[in-house]
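**Q** Give me coordinates for this.
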Amino acid sequence: MIDPKILREKPEAIRQNLSLRGAKFDLDSLLSLDQSKRKLTGELDSLKALRNQVSAEVAKIKREGGDATEVMEKSRQSGEQLKGLQDEYNSVELQWNDLMLCMPNLLHASVPKGKNSSENPVRRTWGEKKSFDFKAKDHLELGKTLQLFDFERGAKISGSGFPVYTGRGAKLERSLINFFLDSLSSRFGFTEMQPPLLVNRQSMQGTGQLPKFEEDMYRCAEDAYYLIPTAEVPLTNLHSGEVFQEEQLPINYCGYTPCFRREAGTWGKETRGFLRLHQFDKVEMVRFASAETSYALHEEMVQCSEWLLQQLELQYRVIELCSGDIGFGAAKCYDIEVYAPKEERWLEVSSVSNFEDFQARRANIRVKQGPKMNFVHTLNGSALATPRVLVALLETHQQADGTIILPQVLESYMGGDRKLKL
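**A** As a prediction, the model looks like this:
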């Protein structure tokens, strides 16, 4: 949710910002509702003042032993007027709030202009493209041969997009998660958290998943819970409705959770193997920061994800999302993609966003800075999502004899044996 003050003072700047996104949003209706809301607020204040004046007059007449019948009737009429006006205000405010919740965040001035993902600039690349002097296999062939995962049995017990990790594959998945968590907590100073996987509607609304992305959510309708699409939701909402002292910031959390996404409207695209799943594992970073420090911390978070990929010896690139490709709630965002040599394509494994105060306004998370009370800036990023990391890891580190030699950093997590073989 954006600052209503900006909405009132700079409507044309907002219109231009939304145009850069290519966002279809009815700004005129929102401005009209905002004007009506302010007008009704003034009328309510005037009517409340009149009611208080009449009430004081009634009290005075009664104290003096006079007849207050006529004035009491005036008080009753003003009370009915007030109720009708309050009902009208409540209706307008509800419409205003619903529309505000559907409005995307304003882009940071540094976001590159562009219409779609084809115009996202590559900021840097690390590592060299892997070449093989043997007939290389893709991750599905490798996984089946080495019995690392089983998509057929996953489909039998749940449906497509729900893999079963088996044997050493299950251990590798757990090793990646532990390596990510240990690195974030010990090397980068994040506090590890283990949040719930089911959240209420208010939490989903607080981070911007609702109402816009409702069709992508798995919902337990009877209990009004949602399965989380990312740990960003519970970790950010840990502090909803709270006020930080300035010296407490930044606050840095990391957490592992399974993530659940219906992928409504996208199923059938990039569905091969681990490329798109309904359930997958991810370690998330979440930060609460002041406006003055959030962009420096944003760059640091990108570097955290990069360091993890470097330790896994995977070629990657960092992309800055352009105005036409950036997500609904982000003011600025970087994607990190790894290269899968057999797939011959780049695969997104991390998205690191600065939301500025967009989520904090929705979740009411503030910081006391001297005499002022401000909304915090929230940031989040994947460090990392495991499925596509696994694709690149298997395909990059395969050997001519069909085995896979995992990077040194995973050796201790794999029980001292980093060779995947039958």
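**Q** Where does residue 373 sit: helix, strand or coil?
**A** Secondary structure, DSSP: H, G, I helix; E, B strand; the rest coil: residue 373 is strand.
**Q** now the closest residue to it other than its chain neighbours: how far from residue 288?
**A** Spatial nearest neighbour of residue 373, excluding adjacent residues (CB to CB, 6 or more residues apart in numbering): residue 366 at 5.4 Å. For the C-beta atoms, the positions are set from N, CA and C on the backbone; glycine is no exception. Using CB to CB, to the nearest Å, residue 366 is found at 10 Å from residue 288.
**Q** Which one of these two is surrounded by more residues?
**A** residue 288 (26 against 19; other CB atoms under 10 Å).
**Q** just to revisit the earlier point, report the contact partners of the residue nearest to residue 373.
**A** Residues counted as contacts of residue 366 (CB atoms under 8 Å, 6 or more residues apart in numbering) are 242, 243, 244, 360, 373, 374, 375, 376.
**Q** repeat for residue 421
**A** Contact analysis of residue 421 by CB under 8 Å, 6+ apart lists 146, 402, 403, 404.
**Q** Give the PyMOL command for selecting the buried subset of these.
**A** Selecting only the buried entries of these in PyMOL, with 16 or more other CB atoms under 10 Å as the criterion:
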select buried, resi 146+404
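**Q** Would you reformat the contacts of residue 366 as a markdown table and include pLDDT?
**A** Below are the contacts of residue 366 laid out as a markdown table (pLDDT from 0 to 100):
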| residue | pLDDT |
| --- | --- |
| 242 | 98 |
| 243 | 98 |
| 244 | 98 |
| 360 | 98 |
| 373 | 98 |
| 374 | 98 |
| 375 | 98 |
| 376 | 98 |
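**Q** Take the contacts of residue 421 and keep only those in strands.
**A** Applying DSSP state E to these, the entries found in strands are residue 404.
**Q** what ranges do the helices span in this protein?
**A** For the chain, applying DSSP state H gives helices covering 4-9, 11-21, 27-63, 69-101, 139-145, 151-157, 168-186, 201-206, 232-237, 294-311, 358-363, 386-396.
**Q** Ok, which of these comes nearest residue 341?
**A** Residue 341 lies closest, by CB to CB, to one member of the helices of the chain: helix 386-396, at 5.2 Å.
**Q** and the angle from the closest one to helix 168-186?
**A** With axes from the mean of the first three to the mean of the last three CA atoms, to 10 degrees defining the directions, helix 386-396 sits at 110 degrees from helix 168-186.
**Q** Out of the contacts of residue 421, which is nearest to residue 18?
**A** Closest to residue 18, out of all of these and judged by CB to CB, is residue 404, at 47.3 Å.
**Q** check contacts around that closest one.
**A** Counting by CB under 8 Å, 6+ apart, residue 404 has contacts 142, 146, 393, 394, 397, 398, 419, 420, 421.
**Q** got CSV for those, with distance to residue 84 and pLDDT too?
**A** Conversion of these to CSV gives the following (distance: CB to CB, whole Å; pLDDT from 0 to 100):
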residue, distance to residue 84, pLDDT
142, 70, 96
146, 72, 97
393, 65, 98
394, 67, 97
397, 71, 98
398, 73, 98
419, 77, 97
420, 72, 97
421, 78, 95
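**Q** Can you tell me which of these are buried?
**A** The buried subset of those (16+ other CB under 10 Å) comprises 142, 146, 393, 394, 397, 398, 420.
**Q** now the fifth one: how far from residue 319?
**A** By that I understand residue 397. Remark: distance between residue 397 and residue 319 (CB to CB) = 24 Å.
**Q** mind checking the backbone torsions on the residue sitting furthest away from the middle of the chain?
**A** Residue farthest from the centre of the chain, counting by CA atoms, centre = their mean, is residue 65 at 65.1 Å. Taking degrees, to the nearest 10, you get phi 80, psi 20 for the backbone angles of residue 65.
**Q** now, which of the contacts of residue 366 sits nearest residue 175?
**A** The closest of the contacts of residue 366 to residue 175 turns out to be residue 376 (CB to CB; 34.2 Å).
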